[in-house]
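Visitor: Sequence plus predicted model, see below.
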Amino acid sequence: MRIGLAGAGRIGAFHAGILSGLPAVDSVVIADTYAARAGEVAGRLRLEAADSPEHMLRLGLDALVIAAPTRAHPGLIVAGTDAGLPVFCEKPVAPDIDSTREVIKRVGGAAASVQIGFQRRFDAGYVAVREAVRSGALGWVHTLRATTLDPAPPAPAYIETSGGLFRDCGVHDFDAIRWVTGREVREAYAVGGNRGAGFFRAAGDVDTMAAVLTLDDDSLAVVSSTRYNGAGYDVRLEVLGSRDSVCAGLSGRLPLRSADQGGTFPPGPPYRDFTERFADAYRAELAAFVNLAAHGGQSLCTMGDALEAFCIAEACELSRARHEPVAVAEVRP
């Protein structure tokens, strides 16, 4: 297969390395609005570079992977599906709910061949947690605890266009909660804080957040995120049930030191970042997309799924601003 990759930044270069190593992929063509950046990545990985994303789409592709900035996602998704290509796009579909709805409407029947990048669905730990929940092994679920804790903040320029901590980081937890439980979030109550760099507040964002979500079966989810977890990159999902409890991310590289006397957990070095923690999940995610492109079928993470997670994030932002719970139905289309 011949795969086009739009975006040669950090995640784009990471995806390029994965795609070029998949057995079903014969060639990868990479393009970026900054042609020199695409050329540098292509040269390093011995791939083909195109002058621009528009040029790349005319080079006889079998599928399109989008790792460009969020503002470019809608146009590239539509261009790819208009060209008859299966499309993989990093989250989100678009910068806001209305734009996401427009893209879904515009794509129409081609939506089944669009996969959105929520890599936790392909992480072995999250898959095992989902199986435990769906099998009934935990009994009835009453509490979920989800964390996304970054060791250090990104650059100020990124924060200005990220959409904020709820939409940028929390949305992964929101999707995982829906996917693992098979339930919808009914209500959100969220707060945020700023004790770090001033550029978060200047952008209308927060550097730390906490949210309590009420699901449609009255189970509760507590979500916590920060840009300042100095111990390392920490992503976990705990699910507590009436008969048993289980956790994804409770490994020997968990950046959480035991304070108990004689405690030696964890024994290994902490994860540095998301590419290290989820390397296998990203590989499985892109392999699943390549299989979709080659053989057809239904996307394993649809634009509708991305929209639902975005609605939860939007309800959290409204809750933070209003200092009160917000029903997700208020923002859901």
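Guide: Perfect, thanks for sending it. Residues are numbered from 1 along each chain as shown.
Visitor: Can you give me the neighbour number for the residue lying closest to T181 once chain neighbours are set aside?
Guide: Nearest residue to T181, sequence neighbours excluded (C-beta to C-beta, 6 or more residues apart in numbering): V133, at 5.9 Å. Where C-beta positions appear, they are placed from N, C-alpha and C, glycine not excepted. Close neighbours of V133, defined as other C-beta atoms under 10 Å, add up to 22.
Visitor: Pull out the buried residues from the helix or strand containing V133.
Guide: Assigned by DSSP states H and E, V133 belongs to helix 124-135. Across helix 124-135, burial judged by 16 or more other C-beta atoms under 10 Å covers 125-127, 129-130, 132-133.
Visitor: After it, which helix or strand is next?
Guide: Next in sequence after helix 124-135, counting helices and strands by DSSP H and E, comes strand 141-149.
Visitor: Just the C-alphas of that following strand, formatted as PDB.
Guide: Output of strand 141-149 as PDB, limited to C-alpha atoms (Å, rounded to 0.1, in the frame of the first residue of the first chain):
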ATOM      1  CA  VAL A 141     -19.000  -0.600  38.100                       C
ATOM      2  CA  HIS A 142     -19.400   2.200  40.600                       C
ATOM      3  CA  THR A 143     -16.200   4.300  40.200                       C
ATOM      4  CA  LEU A 144     -13.600   5.100  37.500                       C
ATOM      5  CA  ARG A 145     -10.500   7.100  38.100                       C
ATOM      6  CA  ALA A 146      -8.600   8.400  35.100                       C
ATOM      7  CA  THR A 147      -5.400  10.400  34.900                       C
ATOM      8  CA  THR A 148      -3.400  12.100  32.200                       C
ATOM      9  CA  LEU A 149      -0.400  13.700  33.900                       C
END
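Visitor: which strands and helices sit next to that strand?
Guide: Secondary-structure packing of strand 141-149 (3 or more C-beta pairs under 8 Å, 6 or more residues apart in numbering; DSSP states H and E): helix 171-181, strand 220-226, strand 234-241.
Visitor: so what strands line up beside that strand?
Guide: Its sheet considered, strand 141-149 pairs with strand 220-226 (parallel), strand 234-241 (antiparallel) by DSSP bridges.
Visitor: average pLDDT across the helix or strand just after that strand?
Guide: For strand 141-149, the succeeding helix or strand toward the C-terminus, using DSSP H and E, is helix 156-162. Helix 156-162 shows a mean pLDDT of 93.
Visitor: do the same with stretch 101-111
Guide: 96.
Visitor: Equivalent analysis for stretch 41-51, please.
Guide: The average pLDDT within stretch 41-51 is 96.
Visitor: Give me the contact list for it.
Guide: 4, 8, 12-13, 16-17, 20, 27-32, 35, 38-39, 56, 59 (C-beta atoms under 8 Å, 6 or more residues apart in numbering).
Visitor: And the buried ones among the residues you listed, selectable in PyMOL?
Guide: Restricted to buried positions by 16+ other C-beta under 10 Å, the PyMOL selection for the contacts of stretch 41-51 reads:
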select buried, resi 4+8+12+13+16+17+20+28+29+30+31+32+38+39+56
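Visitor: tell me the contacts of T33?
Guide: By C-beta under 8 Å, 6+ apart, the contact list for T33 reads 52-53, 68, 72.
Visitor: and L22, helix, strand or coil?
Guide: coil (DSSP: H, G, I helix; E, B strand; the rest coil).
Visitor: Same question for A190.
Guide: Local secondary structure at A190 is given as strand here, using three-state DSSP.
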